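[1] can't give you the sequence, but here's the structure:
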């Protein structure tokens, strides 16, 4: 695995893999001199997406793999997440009603809302029985 300008990691569908993902992302950020805020934003987004896949993506208790590919081209980071879980398009999740009092809000959707606000572009596709989510983040100086 090369950390210079691209990183690929295959994770098992266990929440314990989050620490390994965060460590690899931090090393990728150091090697590529990414701004700390960008690393933190991507780490939070990946944490949310990975946790959702592990928690709700599979209908059995078998081991599954989640592939994450990160590349940096110029000032743009592209993060691609692939899993073979049940079809789920996070872009179809309605935004939470943030103006309502906490006790009146419906549960769910807040994490995806944060992810949408941390990146400039999100694309979802279902390809060959896999969820493919692509995030694009423009790096600030």
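    Now that the structure is in, tell me what you want to look at. Every value quoted in this text rests on a predicted model; they were computed, and no experiment measured them.

[2] what residue is smack in the middle of the protein?
    residue 46 (3.0 Å; Cα atoms, centre = their mean).

[3] am I right that it is in contact with residue 25?
    Yes - contact criterion Cβ atoms under 8 Å: residue 46 and residue 25 qualify, at 6.8 Å. All C-beta atoms are positioned from the backbone trio N, CA, C, and that covers glycine.

[4] list the buried residues in the lowest-mean-pLDDT helix or strand in the chain.
    Every helix and strand of the chain was ranked by mean pLDDT, DSSP states H and E. The lowest is helix 110-118, at a mean of 82. For helix 110-118, the buried set under the neighbour-count rule, 16 or more other Cβ atoms under 10 Å, comprises 111, 112, 113, 115, 116, 118.

[5] same question, stretch 5-20
    7, 9, 11, 13, 17, 18.

[6] biggest separation within those residues, which pair?
    Using Cβ to Cβ, the buried residues of stretch 5-20 span at most 19.4 Å, a distance reached by 7 and 13.

[7] OK, contacts around residue 133?
    49, 80, 81, 82, 90, 122, 123, 124 (Cβ atoms under 8 Å, 6 or more residues apart in numbering).

[8] give me the three-state assignment for it.
    What DSSP: H, G, I helix; E, B strand; the rest coil gives for residue 133 is strand.

[9] which strands and helices sit next to the longest helix along the chain?
    In the chain, ranked by residue count with DSSP state H as the criterion, the top helix is helix 36-56. Here helix 36-56 touches helix 17-31, strand 65-73, strand 76-83, helix 110-118, strand 130-138, going by 3 or more Cβ pairs under 8 Å, 6 or more residues apart in numbering; DSSP states H and E.

[10] single out the most deeply packed of those.
    strand 76-83 (a mean of 20; mean count of other Cβ atoms under 10 Å).

[11] export the buried residues of helix 110-118 as JSON lines, with columns for distance to residue 132.
    Output for these, formatted as JSON lines (distance: Cβ to Cβ, whole Å):
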{"residue": "111", "distance to residue 132": "19"}
{"residue": "112", "distance to residue 132": "16"}
{"residue": "113", "distance to residue 132": "21"}
{"residue": "115", "distance to residue 132": "15"}
{"residue": "116", "distance to residue 132": "17"}
{"residue": "118", "distance to residue 132": "19"}
